[in-house]
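Enquirer: Let's see this in three dimensions:
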Amino acid sequence: MVGTLFQTLFNIVDTFFAGKISPEGLSALSKSFPIYFIIVATSIGVTVARYCIDRKQYW
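Expert: This next block holds a predicted model:
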């Protein structure tokens, strides 16, 4: 939960500074966010699935 909070804060600050540089920088962030989100969601899903599989082996 704390990690998610810091990641969100990082994204907000990153968006703020990219917007100050140029509109194109802000556009690049908005276009790359879905790809980033898919990568993060997939890695979280794999981590949770791996944890569940490991726990099931010991039951």
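
Enquirer: Would you list the phi and psi of Ser22?
Expert: phi -170, psi 160 (degrees, to the nearest 10).

Enquirer: Return the residues in contact with it.
Expert: If you count contacts by CB atoms under 8 Å, 6 or more residues apart in numbering, Ser22 has none. Just so you know, the C-beta spots here come from the backbone N, C-alpha and C atoms, and that holds for glycine as well.

Enquirer: 10 Å - rerun?
Expert: The neighbourhood of Ser22, defined by CB atoms under 10 Å, 6 or more residues apart in numbering, consists of Ala28.

Enquirer: Look up how far Gly45 lies from it.
Expert: From Ser22 across to Gly45, the span is 35 Å (CB to CB, to the nearest Å).

Enquirer: what ranges of this protein fall below the confidence cut-off?
Expert: Along the chain, segments meeting pLDDT under 70 span 1, 57-59.

Enquirer: Show me what the lengthiest helix in it is packed against.
Expert: When the chain is parsed with DSSP state H, its longest helix is helix 23-57. If you count contacts as 3 or more CB pairs under 10 Å, 6 or more residues apart in numbering; DSSP states H and E, helix 23-57 packs onto helix 2-21.

Enquirer: What angle do helix 23-57 and the helix it packs on make with each other?
Expert: Comparing the axes of helix 2-21 and helix 23-57 via axes from the mean of the first three to the mean of the last three CA atoms, to 10 degrees yields an angle of 170 degrees.

Enquirer: helices or strands up against helix 2-21?
Expert: Packing partners of helix 2-21 (3+ CB pairs under 10 Å, 6+ apart): helix 23-57.

Enquirer: So which bits of the helix it packs on are buried?
Expert: Judged by neighbour count using 16 or more other CB atoms under 10 Å, the buried positions of helix 23-57 are 26, 29.
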